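K.L.:
Here is my input; please provide its structure:
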Amino acid sequence: MQLYPFQRGIAQMMGNEEIEELWCKKSARVGYTKLLVGATQYAIEHKRRNVAIWSPSDDHRDRLTKQEIEPAIRDNPVIRRIFPWYGKKAKQNTLSLKQFVGAALHLLGGKAAKNYRSISIDMAVLDELDGFDASIEREGPPVELAWRRAEGSSFKKLIAGSTPHLKGWSMIESGEEACEVRLRWHIPCPHCGHEQELQWGGADAEYGFKWNGGTYKEATESVHYQCVHCKERITEPQARAQAAKAGRWMTDDGTIWLDEDLGIFRSEKGAAIDTPRTIGIRLWSAVNDRVPWSKIVGEWLGAQKKRDNLQSFVNLTLGESWEEEGVSNLDYEVLHRTRRENYDHPAPEGVVALTFGVDVQDDRFEIQWDGWGAHEERWTLDYQILNGDLTKPYIWKQLSEVLTRQFRGDTGRLHEPVCGCIDHGGHYGDEVVTLAKALGPLFLIPVKGAATYSKPIITWPKRPNKNGIYLVSVGTDTGKTLMHRRLMIEEPGPGFWHWPRSESFGLEYFKQLTAEELRPKHTPSGRRLVWQMRKGRRRNEPWDCSNYSLAAIRIAQERFGIALDNPDSVPSHSRRVDTTAARKSLSDLARELNDG
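P.N.:
Numbering: from 1, shown residues only. A predicted model of the protein is given here:
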């Protein structure tokens, strides 16, 4: 396998037994997996070392085995000579074990604690570390559990590599930062000779990637690098040539560097020094000769069109962790001042479908109605609080009446909600079920929040429960993270959020809308960023109602065939989605609530 200049040093460090821990924070497209497979083959064939590679999940392990490990065995005659079971069905040749002559390669999923037991190894490898749970079934961090399996080895080694995810919660970032020596791929400037790591820089930085013109074509054709020292322009061919001729792995202060010719480490003055025990390295797409700079700039420009794509660019292209801004960075007074507008109609132009979200408190209901347009552009229409004794039927009757209210649109059409979600938690679950059955279980949909990391916004049950109700699970943290990102969109269009200028949306509404922030929390699977109430805030009902309404529009799209770019997909108010026949009269509702 032909290595690029930046890869040679990584291969040496992976194979150097004096380096006990190697932590690699990386982007995609740097050839890391190929290097890792080569390093394990070297350890197995040349040194007869037992190796274990843990992947974030069994599915990830299966792909690694089938797409990387098995082709590498097939294509390497030296490895095939010590693997007599190649191409055969045998217990020594499975997805989870490759038994070589004199050594074994264990391939394991990282979610189950049992996969960190009952093996003795020399080299522990964790691939895509940030994809692991922070704590494996409450038994400890994956690195700690994997490292224990090598405790008895005289030549133990740990290799951990990953694209980083969230800042402050990235295991690869914290591990790399804790290393005694941190190396970066440096190239000398062809103008002033200053050695530097290529850095993205940014629009306001005096160094890094720069381009001219405002169009995609102009930008990608003019991209260049600006030296951090002399500020001169460095072209891509110049940078590639400098990397091939004089690139080297070195600390940022230049005090330690890797001499690839001899495979040893040297001081700033060139004297040989002891090999560091733990080394962290960082690399990103720009160092790879096969990733043109124009492609990187093109990806950056493309990410500007949709905010959700920015995280992918930061993680996968730059190889950096994503810093999720907390809601505390959103000033409720600014939102109140700048985001309210005068609607021409109760349901403004652009609204295709209506939903609502209901939060149930001990002494009141809080309801929010939202209109939705193409690409989930959102117009909040009204907010209402119904105070009363929730143990009495009258308040539930009032709620049933207001949920079916209509909003006139710009064409004169009366819009009525296609569906809505109501909080099933709390003390009134039975009453919620009764109301849902009365209004139609596909119109008023009970939901339960699930603050589980990366859980989908909605999880529809396979079948109704014994009460004939579809109790939908809502990924509250996922929904709130999406809403927070959309609050930061500043121009009308996809994902933008509008409010009317009315008494319902005063300062208090926006204060409650921004009442939560992302904060660290210890969960059964380890540390996570979780939406929690900000200090000094007591109420957040608009935030919850907004999330339930978001869940409702997702249900309408995924379950009822509503297409927000096609108004004809939305039934008229006289024929709601398969629910009219299921509705009961208000007298029936009152009778059922009295009986309950």
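K.L.:
Residue 95 - how many residues pack around it?
P.N.:
By other C-beta atoms under 10 Å, 16 other residues sit near residue 95. Placement of C-beta: from N, CA and C, glycine included.
K.L.:
low-confidence ranges in the stretch 1-150 of the chain?
P.N.:
For the stretch 1-150 of the chain, the stretches flagged by pLDDT under 70 are 1.
K.L.:
which stretches of it form helices?
P.N.:
Along the stretch 1-150 of the chain, the segments classed as helices by DSSP state H, counting those that start in this stretch run 5-15, 32-47, 58-64, 70-75, 77-81, 142-148.
K.L.:
Next, the angle helix 32-47 makes with the first one.
P.N.:
In terms of direction (axes from the mean of the first three to the mean of the last three C-alpha atoms, to 10 degrees), helix 5-15 departs from helix 32-47 by 40 degrees.
K.L.:
helices or strands up against helix 5-15?
P.N.:
Secondary-structure packing of helix 5-15 (3 or more C-beta pairs under 8 Å, 6 or more residues apart in numbering; DSSP states H and E): strand 21-26, helix 32-47, strand 181-188, helix 236-246, strand 248-250, strand 256-259, strand 278-283.
K.L.:
which residues sit against that helix?
P.N.:
Residues outside helix 5-15 that contact it (C-beta atoms under 8 Å, 6 or more residues apart in numbering) are 3, 19, 22, 24, 30-32, 35-36, 38-39, 42-43, 159, 183, 185, 243-244, 247-249, 258, 260, 263, 279, 281, 283, 287-288.
K.L.:
next one: the last one
P.N.:
With C-beta under 8 Å, 6+ apart as the contact definition, helix 142-148 has outside contacts at 52, 54, 110, 113, 116, 124, 126, 129, 132-133, 136, 139, 156, 158, 160, 171, 175.
K.L.:
returning to that earlier point: restrict the contacts of helix 5-15 to the buried ones and give me that as a ChimeraX selection.
P.N.:
To isolate the buried ones among the contacts of helix 5-15 in ChimeraX, judged by 16 or more other C-beta atoms under 10 Å, type:
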select :19,22,24,30,31,32,35,36,38,39,42,43,159,183,185,243,247,248,249,258,260,279,281,283,287,288
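K.L.:
So which bits of stretch 408-419 are buried?
P.N.:
409, 413, 415, 416, 417, 418, 419.
K.L.:
gap between the two ends of that stretch?
P.N.:
17 Å (C-alpha to C-alpha, to the nearest Å).
K.L.:
Quick one: distance of it to the chain centre.
P.N.:
Here stretch 408-419 is found 36 Å from its chain centre; the criterion is C-alpha atoms, centre = their mean, to the nearest Å.
K.L.:
And for stretch 420-434?
P.N.:
31 Å.
K.L.:
Any buried residues in it, and which?
P.N.:
Applying 16+ other C-beta under 10 Å to stretch 420-434 flags 420, 421, 422, 423, 424, 428, 429, 431, 432, 433, 434 as buried.
K.L.:
and residue 420, that's in a strand?
P.N.:
Yes. Assigned with DSSP: H, G, I helix; E, B strand; the rest coil, residue 420 falls within a strand.
K.L.:
shift numbering so it begins at 786
P.N.:
From this message on, residue numbering opens at 786, which makes the last subject residue 1205.
K.L.:
I'm done for today, thanks for sticking with me.
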